[in-house]
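1. I need the structure of the sequence given here:
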Amino acid sequence: MNIGVLGGTFDPIHLGHLLVAEEARARLDLAEVLFVPAGEPWLKANNAISPAQHRLEMVRLAIAGEAYFKLSAMEIERAGPTYTVDTIAELQARLGAGDELFFILGWDNLNQLPQWREPSRLIKLCRLVAVPRVDFALPELSSLEAAIPGLSQRVIRLDEPRVDVNASEIRRRVARGLSISRLVPEAVERYIIENKLYARE
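-> Residues are numbered from 1 along each chain as shown. Here you go, the predicted structure:
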């Protein structure tokens, strides 16, 4: 069984995340895609992010009724900074024989992979699925291979979907009182309004 893993701060989760998850699921014949909201993402240690319970609830609302999408709170429940390699190792330990993990990340994050914790160990634990990010070029695997030997055999680069939605723009729109109805699921929009999230950014 092939299982996709999509991590992120999800602050908030938006339609782009859902589109990416569905594209990867369909293209790679994944049995399910596991959404894993970050607890304390070390790369965003200096950024203010919404409390974990809000981000977790927004993901739950966004994927409700989606048969192939699941939610995991494992990173939020783990104390201390969040590292992808720890999450993937924990998931890998739960898998059955023949099961494989596919970690979904953006082209921009693939370029940053040499700065991540234990990238060589990470690529042994899972396959990487790199999806387009608007304004970011397709990563050059040759330079990444020099930094992380064996990477090019462990990465799948998708050319679709090209999603022009990002969470920081959604937060800015909410702060300015603008509509986000075509950027996030309806239930997520209601949750943001009811809980007054991002209103004073």
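
2. can we go C-alpha only for contacts and neighbour counts from here?
-> OK.

3. helix/strand/coil for the residue of the chain positioned farthest from its centre?
-> Centroid-distance maximum for the chain: Gly177 at 26.6 Å, with C-alpha atoms, centre = their mean. Taking DSSP: H, G, I helix; E, B strand; the rest coil as the rule, one finds Gly177 in the coil state.

4. who touches the helix or strand hosting Ser142?
-> If you go by DSSP states H and E, Ser142 is part of helix 141-147. By C-alpha atoms under 8 Å, 6 or more residues apart in numbering, the surrounding residues in contact with helix 141-147 are Asn111, Pro114, Leu151, Ser152.

5. quick check: pLDDT value at the second one.
-> By that I understand Pro114. Here the pLDDT value assigned to Pro114 is 96.

6. kindly report the same for the one 4 residues further on.
-> According to the per-residue confidence, Glu118 scores 97 in pLDDT.

7. pull the contacting residues for the nearest residue to it once chain neighbours are set aside.
-> Nearest residue to Glu118, sequence neighbours excluded (C-alpha to C-alpha, 6 or more residues apart in numbering): Val85, at 6.8 Å. Shown in contact with Val85 (C-alpha under 8 Å, 6+ apart): Arg117, Glu118, Pro119, Arg121, Leu122.

8. tell me which of those is nearest to Asn2?
-> The nearest member of the contacts of Val85 to Asn2, counting by C-alpha to C-alpha, is Leu122 at 16.6 Å.

9. so what secondary structure elements neighbour the host helix or strand of that closest one?
-> In this structure, Leu122 sits in helix 119-125 according to DSSP H and E. Packing partners of helix 119-125 (3 or more C-alpha pairs under 8 Å, 6 or more residues apart in numbering; DSSP states H and E): helix 84-94.

10. right, and the helix or strand after the helix it packs on?
-> Per DSSP H and E, the helix or strand that comes after helix 84-94 is strand 100-106.

11. now whichever helix or strand comes after the helix holding Leu122: buried residues?
-> With elements assigned by DSSP H and E, the helix or strand that comes after helix 119-125 is strand 127-131. By 16 or more other C-alpha atoms under 10 Å, the buried positions in strand 127-131 come out as Arg127, Leu128, Val129, Ala130, Val131.

12. name whatever forms a beta bridge with the third one.
-> Under the criterion DSSP bridges, Val129 forms beta bridges with Ile104, Ile156.

13. ok, it - contacts?
-> Applying C-alpha under 8 Å, 6+ apart, the residues contacting Val129 are Ala24, Phe102, Phe103, Ile104, Leu105, Val155, Ile156, Arg157, Leu158.

14. how far away is the second one from Val155?
-> Read that as Phe102. 9 Å (C-alpha to C-alpha, to the nearest Å).

15. where do the contact lists of these two overlap?
-> Shared contacts of Phe102 and Val155, defined by C-alpha under 8 Å, 6+ apart, are found at Arg127, Leu128, Val129.

16. many thanks, we can stop here.
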